[in-house]
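1. make a model of this:
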Amino acid sequence: VLERREPKVVEDCRNTIFIRGKNANNVVLQVLKDFSLLKKPRSVFFNKKNDMRPFEDASSLEFFSQKNDASLFMFGSNNKKRPNNVVLGRLFDYHVMDMFEFGVENFKTLNDFKIAKIPIGTKPMLLFAGEKFDKDAEYQRLKNFLIDFFRGPVIEQIRLQGLEHILVFHCTDNGKIQLRSYKVVFKKSGTRVPHVVLEEMGPHMDLVLRRRKLATD
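-> Next up, the predicted model:
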């Protein structure tokens, strides 16, 4: 057990912890729940409210990380200064490396889309659109982080039928990130190649980048 918890140059696919802040509202709580569901079985959801401020003091996050063998986290809070607020971060050796804070707008839950959901543990495909992800240094770093956060386990092979979920991150010219989640449906086409249809399944939201703290800071 101790050997498994030793830091590695390339971290294993560890757990993601989802932490509810003291003042988290229903929007933020549902964001946490939806992403926790998508990341099962590698997610740990904290239903109890926690009074913490990740940018001021990360010690509680690092404690929870070690306790749950987690290298990723999502923290949700809400106040007048930063409404509908989520902080996503990654850790190495149970120490916070990078954190990005977002305001959530235009949110729709998984339950708002009345379609059959994907199986638990489905590895998502990730699609990034928008020039900022390629030309802006800060958004390049954010893209790297989002890949790390959402990619799931590294695998050697994949079945066509396993390509069931795609997360799309579209960065607009003003820096807002439109996050959309689609179920991939294969339908008969009359040939050996199936007809591919994308059905939006949620969650659906726009993310406004607020504060950030990078390992080089």
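
2. burial count for Lys48?
-> Taking other C-beta atoms under 10 Å as the neighbour definition, Lys48 ends up with a count of 6. From N, CA and C alone the C-beta is placed, and that goes for glycine too.

3. where's it, which helix or strand?
-> Under DSSP states H and E, the secondary-structure element containing Lys48 is strand 43-50.

4. same question for Glu56.
-> Short version: Glu56 belongs to no helix or strand, going by DSSP H and E.

5. can you report phi and psi for it?
-> As for Glu56, its main-chain torsions (degrees, to the nearest 10) stand at phi -90, psi -40.

6. count residues in the vicinity of it, would you?
-> The tally of other residues near Glu56 (other C-beta under 10 Å) stands at 6.

7. alpha carbons of the lengthiest strand in the chain, as CSV, please.
-> The residue-count maximum for a strand in the chain (DSSP state E) belongs to strand 95-108. The C-alpha atoms that make up strand 95-108 are tabulated as CSV, following Å, rounded to 0.1, in the frame of the first residue of the first chain:
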residue,chain,number,x,y,z
HIS,A,95,0.9,18.9,-3.0
VAL,A,96,-1.2,21.3,-5.1
MET,A,97,0.5,22.1,-8.4
ASP,A,98,-2.0,24.0,-10.6
MET,A,99,-5.4,25.5,-9.9
PHE,A,100,-7.9,27.2,-12.2
GLU,A,101,-11.0,29.0,-11.0
PHE,A,102,-14.1,29.4,-13.1
GLY,A,103,-17.5,31.1,-13.0
VAL,A,104,-20.2,28.8,-14.2
GLU,A,105,-22.9,30.2,-16.6
ASN,A,106,-25.6,28.8,-18.7
PHE,A,107,-25.7,25.5,-16.8
LYS,A,108,-27.8,22.5,-17.6
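
8. and the helices in this structure?
-> Secondary structure of the chain, counting by DSSP state H: helices at 26-38, 59-67, 132-135, 137-150.

9. among those helices, show me which one is buried the most.
-> Among these, helix 26-38 has the highest mean neighbour count (mean count of other C-beta atoms under 10 Å), at a mean of 20.

10. show me the contact partners of that helix.
-> Under the contact criterion C-beta atoms under 8 Å, 6 or more residues apart in numbering, helix 26-38 has outside partners 16, 18-21, 24, 43, 45, 74, 76-78, 84-86, 104, 107, 109-110, 120, 124, 165, 181, 202-203, 205.

11. done for today, thanks.
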